[in-house]
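Engineer: Here's a sequence, model it:
(one chain, ligands or ions: 1)
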Amino acid sequence: MAPTTWHPVTEAGGEFADLAAAEPDKVLLALDFDGTLAHLVPDPEDSRMHAGSAAALAQLGDRLGQVAIITGRAVDAVRRLGELEGRPGLGRLVVLGQYGVERWDAATGELREPEVGGAVAAAKRELVELLAELAAAGHPVAGVHLEDKQGRAIGVHTRRAEDPEAALALLDEGVRGIGERHGLHAEPGRLVIELRSSTRSKGDALADLVAEFSPGLVAMVGDDLGDLPAFELLPRLRERGIACCAVVSSSQEQPALTEVADVVCDGPDGVADWLTELARRVS
Ligand SMILES: O=P(O)(O)OC[C@H]1O[C@H](O[C@H]2O[C@H](CO)[C@@H](O)[C@H](O)[C@H]2O)[C@H](O)[C@@H](O)[C@@H]1O
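Structural biologist: Reported below is the predicted structural model:
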């Protein structure tokens with residue numbers, strides 16, 4: 001049956017499942033959460049893992065060498081929203097949160113959460129003032145909300161504003177200025193700009209996993225600008241003889257991301273179908 005919700009666009013994308021089926025224990029499967037394993041929703045607290053992806057991961061988790069969720073979210077948020085506690089097939093899952101600053105190993109329960117500094121809390125106070133000033137001046141920032149990510153980062157979300165794109169454009173300069181004053185890194189995403197206390201990227205996180213697990217095959221699945229550094233690592237891994245596959249969860253919000261794809265999926269539904277097919281092939 002021809003796939004309808006995902007399609008390979010390169011040779012690497014077409015052959016990945018065959019290669020994975022031949023040597024499943026050599027596969028490192030790395031996945032983003034929001035927009036990839038979960039549909040985007042107006043309130044980040046309402047995110048849930050796609051049922052199809054959850055079912056596929058339950059199968060893949062026992063077959064593949066290593067599964068990782070590399071996310072901009074805090075580890076705690078993904079454990080809770082992904083309902084990871086007690087899910088089957090998580091023996092080889094690690095969650096790298098806040099772009100790899102935090103780490104949780106599902107098999108051992110080991111949690112790494114480095115110390116939190118004060119810069120994000122100080123920036124948060126200025127962001128609250130900025131939003132109040134803009135609102136008082138009649139700018140359309142109603143619905144813009146802040147997501148405090150355990151003091152390590154803060155997201156300025158505009159999805160719930162009347163005109164989300166316009167609100168994001170209006171806020172961009174001011175938010176970046178606050179970030180610069182407090183030594184924070186600005187991370188743009190889908191209708192969000194985050195200020196982060198770390199410059200660690202998903203590329204750094206994926207490189208660490210490759211060094212740790214020495215996979216022969218790597219698939220990275222993502223949908224947003226924050227996933228680009230991980231996608232951009234793949235050509236360098238190929239030079240080292242590692243078979244790689246960039247799987248993009250496509251969207252109207254980040255259409256250019258498909259340029260790096262080996263497989264293009266129709267959003268989280270397509271990702272769920274691709275994972276289901278991968279699970280079928282490796283089982
Ligand atoms: O790396 P990810 O797992 O993709 O996380 C990136 C950010 O995702 C979340 O924001 C996005 O999803 C929200 C819920 O669907 C949506 O409302 C928002 O517009 C998106 O940008 C999350 O809230 C952030 O903390 C993550 O960094």
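Engineer: you'd agree A186 is in a strand?
Structural biologist: Yes. A186 sits within a strand when classified using DSSP: H, G, I helix; E, B strand; the rest coil.
Engineer: measure it to A56 for me?
Structural biologist: 34 Å (CB to CB, to the nearest Å). The way it works is simple: take the backbone N, C-alpha and C, and place the C-beta from them, glycine included.
Engineer: just A272 next, same as before
Structural biologist: From A272 to A56 the distance is 7 Å (CB to CB).
Engineer: Those two: which is more packed in?
Structural biologist: Between A272 and A56, A272 has the larger neighbour count (other CB atoms under 10 Å), namely 25 against 22.
Engineer: That one and G52 touch, don't they?
Structural biologist: Yes. Using CB atoms under 8 Å, A272 makes contact with G52 at a distance of 3.1 Å.
Engineer: residue in this protein nearest to the ligand?
Structural biologist: Nearest to the ligand in the chain, going by CB to the nearest ligand atom, is G72, at a distance of 2.6 Å.
Engineer: where does that residue land in three-state SS?
Structural biologist: Going by three-state DSSP: G72 is coil.
Engineer: wouldn't it be in contact with G189 here?
Structural biologist: Yes. Between G72 and G189 there is a contact at 6.9 Å, judged by CB under 8 Å.
Engineer: Now do the shared contacts for these two.
Structural biologist: When CB atoms under 8 Å, 6 or more residues apart in numbering defines a contact, the residues bordering G72 and G189 alike are G226.
Engineer: Which of those two has more residues huddled nearby?
Structural biologist: Each of G72 and G189 has its neighbours counted (other CB under 10 Å); G72 has more, 25 against 20.
Engineer: ok, now how distant is that one from E239?
Structural biologist: For G72, the distance to E239 equals 28 Å [CB to CB].
Engineer: What helix or strand is the residue lying closest to S201 once chain neighbours are set aside located in?
Structural biologist: If the residues on either side of it in the chain are set aside, S201 comes closest to P229, at 3.9 Å by CB to CB, 6 or more residues apart in numbering. Assigning secondary structure by DSSP states H and E places P229 in helix 228-239.
Engineer: Not counting its neighbours along the chain, what's nearest the residue most central in space within the chain?
Structural biologist: Centroid-nearest residue in the chain, with CA atoms, centre = their mean: D32, separated by 3.0 Å. Nearest residue to D32 in three dimensions, chain neighbours excluded: G222, at 3.8 Å (CB to CB, 6+ apart).
Engineer: one step back: looking at the helix holding P229 now, give me its mean pLDDT.
Structural biologist: Average pLDDT, helix 228-239: 98.
Engineer: Show me what from this structure comes close to the ligand.
Structural biologist: 32-35, 40-42, 44, 47, 71-73, 147, 149, 155, 157, 159, 189-192, 194, 224, 226 (CB under 6 Å from any ligand atom).
Engineer: In strands, which of those fall?
Structural biologist: Among the residues of the chain next to the ligand, the members falling in strands (DSSP state E) are E147, K149, G155, H157, G189, V192, E194.
Engineer: Which of these lies at the shortest distance from L278?
Structural biologist: Using CB to CB, G189 is the member of these that lies nearest L278, at 26.0 Å.
Engineer: in the sheet, who's paired with the closest one?
Structural biologist: V192 (DSSP bridges).
Engineer: Surely the residue nearest to D32 and F231 touch.
Structural biologist: Yes. If you go by CB under 8 Å, G222 and F231 touch, sitting 6.8 Å apart.
Engineer: Give the residue from the two that has the larger number of neighbours.
Structural biologist: Taking other CB under 10 Å, G222 and F231 do not tie; G222 has more neighbours (30 against 23).
Engineer: re earlier: in contact with the residue nearest to the centre of the chain, which residues?
Structural biologist: Going by CB under 8 Å, 6+ apart, D32 touches I69, I70, T71, K202, V221, G222, D223, D224, G226, D227, S249.
Engineer: next one: E83
Structural biologist: R48, M49, A54.
Engineer: The first one contacts A38, doesn't it?
Structural biologist: Yes. Under the criterion of CB under 8 Å, R48 lies in contact with A38, with a separation of 6.0 Å.
Engineer: picking up where we left off before, identify the contacts common to G222 and F231.
Structural biologist: Shared contacts of G222 and F231 (CB under 8 Å, 6+ apart): V248, L257.
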